[in-house]
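>>> I would like to see how this sequence folds:
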Amino acid sequence: MSEAIKTIAVNRKARHDYSVDENYECGIDLLGTEVKSFRDGKISFPDAWAEVISGEVWLHSLRIAENPFASIFNHDPDRKKRLLLHKQEIKRIARKVEDKGYTLIPLAFYFKKGRVKVDLGLCKGKKLYDKRADIRDRDLKRDVAREFRHGLN
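Next comes the predicted model:
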């Protein structure tokens with residue numbers, strides 16, 4: 001049976017600025033009003049990143065808008081959120097981030113079986129010439145596809 005996955009948001013800029021080496025699916029520790037804002041899609045994470053602090057992974061710069069119907073029990077929109085991973089995964093991530101200059105970037109947020117999940121990427125920054133090469137390759141693929149379509153007619 002397939003699992004129902006509903007995408008909330010995707011960080012397309014991250015794929016342009018970073019080369020993604022590994023992906024980790026992890027849960028996120030949220031408050032009730034934050035989950036409601038996620039369901040409405042009211043999140044912003046253009047500069048979000050994660051770090052390992054004392055055996056836990058924390059997500060920074062993820063802004064979850066306050067829920068207007070939550071009265072006085074609303075959440076702080078800019079608080080850092082804890083990501084839920086297995087200990088062995090956290091140890092592996094911590095080693096790579098410390099030694100090889102990797103960065104943890106959230107690539108996507110989605111609902112899976114009613115729970116909010118984060119696609120966390122272990123990324124390395126791209127140089128300007130790498131970005132230009134990616135753009136050139138994408139343009140070439142587009143041109144070839146266009147010629148192929150016109151050749152069929």
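>>> residue ranges in the chain under the pLDDT threshold?
Along the chain, segments meeting pLDDT under 70 span 1-2, 70, 153.
>>> let's see 80
1-3, 16, 32, 67-78, 101, 126-131, 151-153 (pLDDT under 80).
>>> can you give me the strands for it?
Secondary structure of the chain (DSSP state E): strands at 5-10, 18-28, 43-44, 49-53, 56-60, 63-64, 81-84, 103-112, 115-125.
>>> can I get the CA coordinates of stretch 58-75 in PDB?
Extracted in PDB, the C-alpha atoms of stretch 58-75 (Å, rounded to 0.1, in the frame of the first residue of the first chain):
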ATOM      1  CA  TRP A  58      18.400  21.700  15.700                       C
ATOM      2  CA  LEU A  59      16.800  23.600  12.800                       C
ATOM      3  CA  HIS A  60      17.400  27.400  12.600                       C
ATOM      4  CA  SER A  61      15.800  30.200  10.600                       C
ATOM      5  CA  LEU A  62      12.600  28.300   9.900                       C
ATOM      6  CA  ARG A  63       9.800  30.800  10.300                       C
ATOM      7  CA  ILE A  64       6.400  29.400  11.100                       C
ATOM      8  CA  ALA A  65       3.700  32.100  11.000                       C
ATOM      9  CA  GLU A  66       1.500  32.500  14.100                       C
ATOM     10  CA  ASN A  67      -1.900  31.100  13.900                       C
ATOM     11  CA  PRO A  68      -4.500  33.900  14.200                       C
ATOM     12  CA  PHE A  69      -7.000  31.700  16.000                       C
ATOM     13  CA  ALA A  70      -4.700  30.400  18.700                       C
ATOM     14  CA  SER A  71      -5.400  33.100  21.400                       C
ATOM     15  CA  ILE A  72      -2.700  33.600  24.000                       C
ATOM     16  CA  PHE A  73      -1.200  30.100  23.600                       C
ATOM     17  CA  ASN A  74       0.500  30.900  20.300                       C
ATOM     18  CA  HIS A  75       4.100  29.900  19.500                       C
END
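>>> thanks a lot, catch you later.
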